[in-house]
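> task: produce atomic coordinates for the following.
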Amino acid sequence: MKLKGVLIFFWEVFQVVIIALVIVLPIRYFVFQPFIVKGASMEPNFHDGDYLVVDELSYRFREPERGEIIVFKYPIDQSQRFIKRIIGLPMETIELKGSTVYITDKFGNKTILNEKDYPIETSIFNGRKMSLGKDEYFVMGDNRGHSFDSRSWGVLSKDFIVGRTIIRAWPPMGIGSFFGAPAY
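Numbers count the residues shown, from 1 in each chain. Have a look, this model is predicted:
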């Protein structure tokens, strides 16, 4: 009698574990993914060791927007993941002069990117001009003087984007959500 009760208990535990795995694993691998920030390229907004949750689903239904913080596969070594902010969108031209970022959209309208929230060093922009293709993005770290980004290795293909940052889960004092892109 006792053996039957023990077997029933273990069978029920096994069922709960299987159901949990069937629910959790697809969410983990296809909807949300954890990401740990390494380095100072996104300071002051994200710091080394911050634990983030990345939404992998949104970009299947809509295009990335300027200002969103994304995690992507580094184009030169796809085993590495980077975090940066989207600055330039497909079919735009990005021009860097001094500490100013000029964006010319696909209609020829030229605007200046509002950089007031980022540490700027005037020497970081070298007069470079890049035209983006159909599925290409220009990304930069928020800590402009200490970021290895599109200024160094070029444009980012949409194919490399993993998803957008939606939640900072660690450290406890920094817990917050990042839904929506800031207005530029």
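> low-confidence ranges, this protein, go.
1, 20-37, 40, 115-126, 169-184 (pLDDT under 70).
> neighbouring strands - and their directions - for the biggest strand by length in it?
Ranked by residue count under DSSP state E, the longest strand found in the chain is strand 161-170. Using DSSP bridges, strand 161-170 pairs in its sheet with strand 51-55 (antiparallel), strand 69-73 (antiparallel), strand 176-177 (antiparallel).
> may I have stretch 71-89 exported as CSV, CA atoms only?
Output of stretch 71-89 as CSV, limited to C-alpha atoms (Å, rounded to 0.1, in the frame of the first residue of the first chain):
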residue,chain,number,x,y,z
VAL,A,71,20.8,42.9,-27.9
PHE,A,72,22.4,41.4,-31.0
LYS,A,73,24.9,39.0,-32.3
TYR,A,74,28.2,40.8,-32.9
PRO,A,75,28.5,40.6,-36.8
ILE,A,76,32.2,39.7,-36.7
ASP,A,77,31.9,37.0,-34.0
GLN,A,78,28.3,35.7,-33.7
SER,A,79,29.1,33.8,-30.5
GLN,A,80,29.3,37.2,-28.7
ARG,A,81,26.2,39.3,-27.8
PHE,A,82,26.3,43.1,-27.6
ILE,A,83,23.9,45.7,-26.3
LYS,A,84,23.6,49.1,-28.0
ARG,A,85,21.0,51.7,-28.8
ILE,A,86,19.5,52.0,-32.3
ILE,A,87,20.5,55.4,-33.8
GLY,A,88,19.9,54.9,-37.6
LEU,A,89,17.1,53.1,-39.3
